[in-house]
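> Quick check, what structure comes out for this input:
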Amino acid sequence: MTNKARIIFAGSPDFAAPALKALLQSPHEVVAVLTQPDRPAGRGRELRASPVKLAAGNAAIPVLQPESLGEAGIQNALRGLDADLMVVVAYGLLLPSEVLALPRVACVNLHASRLPRWRGASPIQMAVLAGDSETGVCLMQMDEGLDTGPVYAESRVTIGETETAGELHDRLAILAAELLGASLDGILDGSLIAHVQPDDGVSYAPRINKSDGIIDWSWSAVEIDRRIRAFNPWPVAQTSLHGKLLRCWSAELTGDIADEIASGTSVPGSVLAATRAGITVRTGDGTLLLTRVQESGRNQVAAGEFGRARDMNGAVLGK
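Residues are numbered from 1 along each chain as shown. Just a heads-up that it's a prediction; the model follows:
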């Protein structure tokens, strides 16, 4: 193979943009970008291009936005690009076997977990939700399974005790781009060998829905804290106060058991205190301090400010 490979890049969200930029800084040629069609977004529901499309446009790279890769027309267009490699990062569309077979070397995918743990759509959120102490990114050769292909390389990171999925997402996006840059030439010249994933340790990360953010205050404080961090910035953990939606953006584990819990005079979801530090809530096991909240239609604010501006006496969240 020549030193300058022809590469198709397929990706859509913010997570994929650093990997595209890494390819653009390499000696290889990105001959086209596949990304999701423009979608309605924001309150005005105006069509919005994906972050990858914007990055490709700035580099004057041809952009293809099919609704599906199953049609003969798009497959012929991709075949005509005569690609050596296809790099896929959070693209969002299924690649049929006909597309997987097009590049001369391989289709490779950057996945935000240490495979085979957290195969699927939401590996970052699930790692936080499960309380994993570490995660990472894998560069794998794609096959027709769900993140089941052999792995070329991986990088690991420790998950911070208070880290949100959004913060972890940003770190892993940079790590993924670095891993791609370090592995690219080895994949192209055949010196980097992909290894089959182990059968042990397989788990799945299903797609997250808005309803997943609803807090059940009978859960433990640890579980609720993880949920708040896992669903920041989307879909955002939520509860209700006096029948109105209340989003919970951040919280802290207090590490103590309030007298009201010990005496049995409160129920899970009960507001035990509203101070400058925030809103202390009883859970099924322990107490949790909400530190940033947001009423529907308003901006998020410090929970201490929110609580002191309202009568929280006797309030029970989630009722």
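
> got a list of what the residue lying closest to Pro206 once chain neighbours are set aside touches?
Leaving aside its sequence neighbours, Pro206 sits nearest to Gly120 (CB to CB, 6 or more residues apart in numbering; 5.9 Å). C-beta: built from backbone N, CA, C; applies to glycine. Contact analysis of Gly120 by CB atoms under 8 Å, 6 or more residues apart in numbering lists 126, 146-147, 204-207.

> which residues in this protein form helices?
17-24, 51-58, 72-79, 97-100, 123-129, 165-189, 221-230, 259-263, 303-308 (DSSP state H).

> could you give the angle of the longest one to helix 17-24?
If I follow you right, that is helix 165-189. For helix 165-189 against helix 17-24, the angle by axes from the mean of the first three to the mean of the last three CA atoms, to 10 degrees is 30 degrees.

> Can you point out the buried residues in helix 165-189?
165-169, 171-173, 175-177, 179-181, 183-184, 187-188 (16 or more other CB atoms under 10 Å).

> Give me the residue ranges of the stretch 51-200 of the chain where confidence is low.
Counting by pLDDT under 70, the stretch 51-200 of the chain contains no low-confidence residues.

> circling back: quick one: which of the contacts of Gly120 is nearest Lys21?
Closest approach to Lys21 among those (CB to CB): Asp147, at 23.5 Å.

> The closest one: what's it in contact with?
Taking CB under 8 Å, 6+ apart, one finds 109, 111, 115-116, 119-120, 140 in contact with Asp147.

> Between those, which sits nearest Gln197?
Nearest member of these to Gln197, counting by CB to CB, is Pro116, at 4.6 Å.

> hang on, the closest one packs against Val202?
Yes: with contact defined as CB atoms under 8 Å, Pro116 and Val202 form a contacting pair (4.3 Å).

> So for those two, which residue has more residues nearby?
Pro116 (18 against 14; other CB atoms under 10 Å).

> dump the residue contacts of the more buried one.
147-148, 197-199, 201-203.

> and the two most separated of the residues you listed?
The farthest-apart pair in the contacts of Pro116, when distances are taken by CB to CB, is Asp147 and Asp199, at 14.3 Å.

> Kindly state the domain boundaries assigned to this protein.
6-205, 210-308 (automatic domain parsing).

> Now distance to Lys319 too, for those domains, in TSV please.
Listed next are the domains of the chain as TSV, based on distance: least, CB to CB, whole Å:
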stretch	distance to Lys319
domain 6-205	24
domain 210-308	7
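
> With distance to Ile215 added, can I get the helices of the chain in CSV?
Shown next, in CSV, are the helices of the chain (distance: least, CB to CB, whole Å):
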stretch, distance to Ile215
helix 17-24, 32
helix 51-58, 30
helix 72-79, 43
helix 97-100, 41
helix 123-129, 13
helix 165-189, 16
helix 221-230, 6
helix 259-263, 17
helix 303-308, 14
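
> of all the ones you listed, which lies closest to Gly269?
helix 221-230 (10.3 Å).

> Tell me the buried residues in that closest one?
For helix 221-230, burial by neighbour count (16+ other CB under 10 Å) applies to 221, 223-230.

> Identify, from these, the entry nearest to Glu305.
Of those, the one sitting nearest to Glu305 (CB to CB) turns out to be Ile228, at 18.1 Å.

> That closest one: what's it in contact with?
Per CB under 8 Å, 6+ apart, neighbours of Ile228: 215, 237, 248-251.

> And these, which two are furthest apart?
Ile215 and Ser250 (13.3 Å).

> More neighbours: which of these two?
Ile215 (23 against 20).

> Lys210: neighbouring residues, count only.
11.

> where's it relative to Tyr204, distance?
Distance of Lys210 to Tyr204, computed by CB to CB, to the nearest Å: 20 Å.

> same deal with Ala16?
Counting by CB to CB, the gap from Ala16 to Tyr204 is 21 Å.

> Looking at those two, which is more packed in?
Ala16 (28 against 15).

> Thought Val89 was touching the more buried one, still the case?
Yes: between Ala16 and Val89 there is a contact under CB under 8 Å: 3.9 Å.
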